[in-house]
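[1] here is a sequence with its predicted model. Questions after.
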Amino acid sequence: MITYRASDSKFRERHSKKSGEPLSFSASLTEGLSNPGYEIYLERLPSGRRASAPHWHTDTDETLYVLSGRVKAHEGSQWIELQTGDTLHFQKDSKNYHFVENPFEEEAQFLIVKPKTENTDVVYPSLNISQ
C-alpha cells in the first residue's frame with residue numbers, strides 16, 4: 001500500500017515557456033507508482049493566474065475536478081465557471097484550445113486526471129509547438 005499525505009505535497013511552480021508568466025503550482029499524486037496507466041495532478045491556482053497556456057491534446061482526454069474555490073474553464077470560444085465539487089472533461093483531438101484560469105479572489109485547488117502516455121500529445125498554438 002502506498003499512502004500519499006497532503007503534508008507530503010511537493011508542489012512546483014509552473015511558468016509559461018514563451019512569456020515566463022507564473023502559472024499554477026502542481027504536484028503529482030501518482031509519481032513513483034509502477035505503471036498505473038493514468039496521471040493525477042493536484043493543482044493550486046492562485047487568484048489572477050492560469051493553470052496553463054491554451055492547448056489541446058491529440059490522444060488523451062483530460063478530466064478536472066474542483067476541490068475548493070472557483071475557476072473559469074475555457075475551450076474554444078466557450079467558457080464555464082466551475083466551483084467546488086464540479087467536474088469537467090476536455091475531450092481528445094477536439095482541436096479546441098482549452099485552459100483554466102482563476103479570476104476570483106480566493107485560491108482554487110483542483111485535480112487533473114488523464115491517461116498516462118509514452119509521448120506527450122499537447123499542442124500549444126501560442127508557442128507554435130507540439131510537446
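    Perfect, thanks for sending it. Numbers count the residues shown, from 1 in each chain.
[2] show me the contacts for W79.
    Taking CB atoms under 8 Å, 6 or more residues apart in numbering, we find W79 in contact with 72-73. Every C-beta, even on glycine, is put in place using the N, C-alpha and C of the backbone.
[3] each with direction, which strands does the helix or strand where it lies pair with?
    According to DSSP states H and E, W79 maps onto strand 78-83. Applying DSSP bridges, strand 78-83 is found paired with strand 70-75 (antiparallel).
[4] off-centre distance for the strand it pairs with?
    11 Å (CA atoms, centre = their mean, to the nearest Å).
[5] what of stretch 69-84?
    12 Å.
[6] buried stuff in it?
    For stretch 69-84, the neighbour count (16 or more other CB atoms under 10 Å) marks 69-75, 82 as buried.
[7] in the chain, which spans are helices?
    Counting by DSSP state H, the chain has no helices at all.
[8] what's the weakest-modelled helix or strand in it?
    strand 129-130 (a mean of 42; mean pLDDT, DSSP states H and E).
[9] how near is K10 to S26?
    10 Å (CB to CB, to the nearest Å).
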